[in-house]
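Peer 1: would you be able to build a 3D model of this:
(chains A, B and C)
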Amino acid sequence: MSDVDAAVDLAAALGDIDTATPLVNSVTNNVTVNDVANITLHWGGLPVMSDDAREVDDMVATADGCLINMGTVDEDGEESMVVAGTAANEGDKPLVVDPVGVGATPTRTRVANRLLDELDVTILNGNHGEITALAGDDADVRGVESVGEYADIAETALSCARTHDTVVVASGETDIVASPEEAYEITAGHPLMAQIVGTGCMLGVTLATFAAGMENATPLDAALAGTVGFGLAGEKAAEEGEYNGPASYKTAFLDTVAGLEAAPDDPAGRIERVLSVT
Amino acid sequence: MSDVDAAVDLAAALGDIDTATPLVNSVTNNVTVNDVANITLHWGGLPVMSDDAREVDDMVATADGCLINMGTVDEDGEESMVVAGTAANEGDKPLVVDPVGVGATPTRTRVANRLLDELDVTILNGNHGEITALAGDDADVRGVESVGEYADIAETALSCARTHDTVVVASGETDIVASPEEAYEITAGHPLMAQIVGTGCMLGVTLATFAAGMENATPLDAALAGTVGFGLAGEKAAEEGEYNGPASYKTAFLDTVAGLEAAPDDPAGRIERVLSVT
Amino acid sequence: MSDVDAAVDLAAALGDIDTATPLVNSVTNNVTVNDVANITLHWGGLPVMSDDAREVDDMVATADGCLINMGTVDEDGEESMVVAGTAANEGDKPLVVDPVGVGATPTRTRVANRLLDELDVTILNGNHGEITALAGDDADVRGVESVGEYADIAETALSCARTHDTVVVASGETDIVASPEEAYEITAGHPLMAQIVGTGCMLGVTLATFAAGMENATPLDAALAGTVGFGLAGEKAAEEGEYNGPASYKTAFLDTVAGLEAAPDDPAGRIERVLSVT
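Peer 2: Below is the predicted model of the structure:
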């Protein structure tokens, strides 16, 4: 189906972001917040990390996009996420939700479902397990054809996208991007990316930055470009970077993102449509 | 007394952790939380950093070990630490407590003593000053014989271990590991480790990961293996790593931990029993 | 006016800090807290990062200086900042305030003004926009003569210093240091410093460390020495460090700070007085 696969012009996307310099507010966890802020800057965006319910709506109102990473699910954190997401919706700003650890505790499952119920989510970003936990079983997915080794997670992601009427990025050994109508398999990335903490969080804000900065892009376009760009940067860092283990690899990865101007490789060949709803 | 010194099979310990991939939940401070998470992963564990009182008991219930680093002592933080520690005790999971800054303020002293009073602590990890602050003076330590330059801190650590009925790791220029019955001096590590923020915090979660992942290990076994492994990794990074100062040394240290498979040196020769209660 | 320009003996300042090893408590944001702690240590100070209202006054009472970085402006954070700053004032400790994002939201503007109203601020550190937001328009600045390309921001900084009766550091492409009587332009630094998150935060704690550790130094002396030392370290890292992008540059910068013993260049030539109130 390569003739109908999504065309991703990564160089154009990076150029758009560079021109727009989108302000992205991240409400995120304190474990990887520094990496999340830096990668926003390295992609060409401007990071703001307000997470106080008293002001985050004002900050999001001035921003071009918003990430909600469900790292902190205490009472204050939950309120901040809802306030931030509501402000993003009211201002029609792209909103990426990263439901970290959904399924791991009842609190996380409740909060993630609240976010998905109350907010209009542009892109939902999680690992295979998190997306599976949110897929539900009431999604009516008919007429799908499946291709490829990761058919199960592709189906799950598509089901999740239909259930929540959003675009889903399910990251793992192979990344899946799914709209309610179709699912794509992204073949990009490197095993070293799984050996550092924060890869998923950095992907989340990457998606928010692409969605906020790309011109005339649908959420699916932004999700595809962001996911493949992220993976290709990881590969390039692994192949060309100077590192001696995962910690120095993370530094090389961030450096690579900052220096990325064109796609290090033809991104179109990395994206294959594996499911479509007929 | 080298004939009766503890035998530490670091390679076996690392193999155990690799096999078990223990899930370790850290309730820790926001200064070094990224390093704490990454080193957990690099040792072969799986890091979770839940610190919300609403859910941390559920998370610890699914984990194999727990670290409580007393970084944040506000009301919420205090409650989270107690909830997490109680869940670890109820589930019979190894619990490491790192009483950061005990003695520095009355609040920290009160909270540290509360943790030690209310919780069953597997390993208590602090620097020389912190352990001294917690040693108390009512410990009845008789019949000890002392050997070595660091006899005073060894006695203090042993006293602290007896007072709180736990295993104590007192880190400093030389690290001491003490059970209520004996104290060991660990000769491993490198001065550069003191030139970065977070070494003590990373040692804390190292101990939790070893205690959670080693098979058939007593708390003393885990404390000895974790402490000597940590120090030897620091030495190896200093000797073989690429760095130009403390910041790049930290990266080299984390890389070294991630790549450590066998002991870079015979660990047994680094452990000397310096005190024993007769 | 080079004959009357400020004399900065950076080597002496670094020697003072090394001798005094000042304890600096930072109440700061969770985005860059690790960098803030490490650079304190690398300059020769001892970092403490207490930010709990229940104990921060006790901690500041034992410290030699205090940084308040307005990263977190929720209710608890606001209280902690006021408590910490009040303790610094009561103990006559140098207090640096970094009004992050003032002007961006009404909450931030209100909190920043509260800090400036209620506290006696030794050095106010912000970027050009933040200092402009705080300059007010009721400052009676007469008889100033202006020199140099950055005259506008120099005037603004001087106005801000007069309004709040403090020393102002306004960082940007060129850094301005202003007392209520005069303004200096600092020509030091490197464009790479703007490509990482946390440069401003690290400058803030640098100023606190210099103010706490320099002997017989006025706030203006400390602000000049800290600002020029920070910039020269950034230049040296750019010229001599090993890096492949902004992430590895940050590591090289921190390494350079840690290794700085004497000024890598004559700092006096980097400081030009551009305004003085006659």
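Peer 1: what about A:R270, how many residues close to it?
Peer 2: For A:R270, the count of nearby residues is 24 (other CB atoms under 10 Å in any protein chain shown). In short, each C-beta sits where N, CA and C put it, glycine included.
Peer 1: tell me the contacts of it?
Peer 2: A:I186, A:T187, A:A188, A:V228, A:G231, A:L232 (CB atoms under 8 Å, 6 or more residues apart in numbering or on different chains).
Peer 1: what does A:V48 give?
Peer 2: A:L23, A:V24, A:N25, A:S26, A:M59, A:A63, C:G101, C:A104.
Peer 1: pull out the buried members of the residues you listed.
Peer 2: Neighbour-count burial (16 or more other CB atoms under 10 Å in any protein chain shown) applied to the contacts of A:V48 gives A:L23, A:V24, A:N25, A:S26, A:M59, A:A63, C:G101, C:A104.
Peer 1: confidence score at the last one?
Peer 2: This means C:A104. On pLDDT, C:A104 comes in at 90.
Peer 1: what's the neighbour count on A:T62?
Peer 2: 14.
Peer 1: what does the pLDDT read for it?
Peer 2: On the pLDDT scale, A:T62 gets 94.
Peer 1: flag the shaky bits of the stretch 51-200 of chain A, pLDDT-wise.
Peer 2: In the predicted model, the stretch 51-200 of chain A carries pLDDT under 70 at residues A:137-151.
Peer 1: need the residues of it near chain C, please.
Peer 2: Residues of the stretch 51-200 of chain A lying close to chain C by CB under 8 Å from any CB of the partner chain are A:D52, A:A53, A:R54, A:E55, A:D58, A:M59, A:T62, A:D76.
Peer 1: which residue ranges of chain A form strands?
Peer 2: A:23-27, A:46-48, A:65-69, A:95-98, A:123-127, A:167-171, A:175-178, A:182-186, A:271-276 (DSSP state E).
Peer 1: out of those, flag the one nearest B:D9.
Peer 2: strand A:123-127 (34.5 Å; CB to CB).
Peer 1: parallel or antiparallel, list what pairs with the closest one.
Peer 2: Next to strand A:123-127 in the sheet, as set by DSSP bridges, lie strand A:95-98 (parallel), strand A:167-171 (parallel).
Peer 1: how far does the last one sit from the chain's center?
Peer 2: So that's strand A:167-171. The chain centre lies 7 Å from the centre of strand A:167-171; the measure is CA atoms, centre = their mean, to the nearest Å.
Peer 1: now do the contacts for whatever residue of the stretch 101-250 of chain A ends up closest to chain C.
Peer 2: When scored by CB to the nearest CB, the stretch 101-250 of chain A has A:E242 as its residue closest to chain C, at 6.5 Å. The contact partners of A:E242, by CB under 8 Å, 6+ apart, come to A:S248, A:A252, C:N244.
Peer 1: ditto for A:V111
Peer 2: So A:V111 contacts A:M70, A:V73, A:E78, A:M81 (CB under 8 Å, 6+ apart).
Peer 1: tell me how far the closest residue to A:L275 other than its chain neighbours lies from A:L254.
Peer 2: Computed as CB to CB, 6 or more residues apart in numbering or on different chains, the closest residue to A:L275 that is not its neighbour in sequence is A:A183, at 3.8 Å. The gap separating A:A183 from A:L254 is 29 Å, by CB to CB, to the nearest Å.
Peer 1: mind checking the longest helix of chain A?
Peer 2: helix A:219-240 (DSSP state H).
Peer 1: report the buried residues of it.
Peer 2: A:219-238.
Peer 1: and that helix, how far from the chain's centre?
Peer 2: The chain centroid and the centroid of helix A:219-240 are separated by 11 Å under CA atoms, centre = their mean.
Peer 1: pLDDT on that helix, on average?
Peer 2: In this model, helix A:219-240 carries a mean pLDDT of 97.
Peer 1: now the angle between strand A:271-276 and that helix, please.
Peer 2: 140 degrees (axes from the mean of the first three to the mean of the last three CA atoms, to 10 degrees).
Peer 1: which of the contacts of A:V48 sits closest to chain B?
Peer 2: A:S26 (15.2 Å).
Peer 1: give the bridge partners for the closest one, please.
Peer 2: Under the criterion used (DSSP bridges), A:S26 bridges to A:L67.
Peer 1: tell me the pLDDT at it?
Peer 2: If you check A:S26, the pLDDT there is 97.
Peer 1: and if you look at A:P22?
Peer 2: For A:P22, the pLDDT comes out at 97.
Peer 1: ok, it touching A:T62?
Peer 2: No: A:P22 is not in contact with A:T62 according to CB atoms under 8 Å; the separation is 11.5 Å.
Peer 1: residue contacts, A:D120?
Peer 2: Each residue near A:D120 by CB under 8 Å, 6+ apart is listed here: A:N89, A:L95.
Peer 1: give me the phi and psi for it.
Peer 2: phi -100, psi 100 (degrees, to the nearest 10).
Peer 1: ok, of the contacts of A:V48, which one's closest to C:E215?
Peer 2: C:G101 (34.2 Å).
Peer 1: phi, psi for the closest one please.
Peer 2: Main-chain torsions, C:G101, degrees, to the nearest 10: phi 70, psi 10.
Peer 1: next: A:S50.
Peer 2: Main-chain torsions, A:S50, degrees, to the nearest 10: phi -70, psi 130.
Peer 1: what's the neighbour count on A:V100?
Peer 2: Neighbour tally, A:V100, other CB under 10 Å: 25.
Peer 1: can you tell me which residues contact it?
Peer 2: A:N29, A:N69, A:M70, A:G71, A:R108, A:G126, A:E130, A:G200, A:C201.
Peer 1: what about the residue lying closest to A:A178 once chain neighbours are set aside, how many residues nearby?
Peer 2: In this structure, A:A178 finds its nearest non-sequential neighbour in A:A157, 3.9 Å apart by CB to CB, 6+ apart. If you count neighbours by other CB under 10 Å, A:A157 ends up with 32.
Peer 1: repeat that for the one 3 residues further on.
Peer 2: Applying other CB under 10 Å, we find 27 other residues in the vicinity of A:C160.
Peer 1: and the gap between it and A:T166?
Peer 2: Taking CB to CB, one finds A:C160 at 8 Å from A:T166.
Peer 1: repeat for A:D35
Peer 2: 25 Å.
Peer 1: got it, and A:S248?
Peer 2: From A:S248 to A:T166 the distance is 36 Å (CB to CB).
Peer 1: list the contacts for the residue nearest the centre of chain A?
Peer 2: Residue closest to the average C-alpha location in chain A (CA atoms, centre = their mean): A:G204, at 3.6 Å. Neighbour list for A:G204: A:T28, A:V36, A:L67, A:N69, A:V96, A:D98, A:N125 [criterion: CB under 8 Å, 6+ apart].
Peer 1: can you list the residues you listed in CSV and add neighbour count?
Peer 2: Output for the contacts of A:G204, formatted as CSV (neighbours: other CB atoms under 10 Å in any protein chain shown):
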residue, neighbour count
A:T28, 28
A:V36, 29
A:L67, 32
A:N69, 26
A:V96, 35
A:D98, 31
A:N125, 32
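Peer 1: residue contacts, the one residue in the stretch 101-250 of chain A that gets nearest to chain B?
Peer 2: For the stretch 101-250 of chain A and chain B, the shortest gap (CB to the nearest CB) falls at A:G245, measuring 2.8 Å. Residues near A:G245 by CB under 8 Å, 6+ apart: B:H42, B:L254, B:D255, B:T256, B:A258, B:G259.
Peer 1: and for the closest residue to it other than its chain neighbours, the neighbour number?
Peer 2: Once flanking residues are discounted, A:G245 sits nearest to B:D255: 2.8 Å by CB to CB, 6+ apart. A count of nearby residues for B:D255, using other CB under 10 Å, gives 22.
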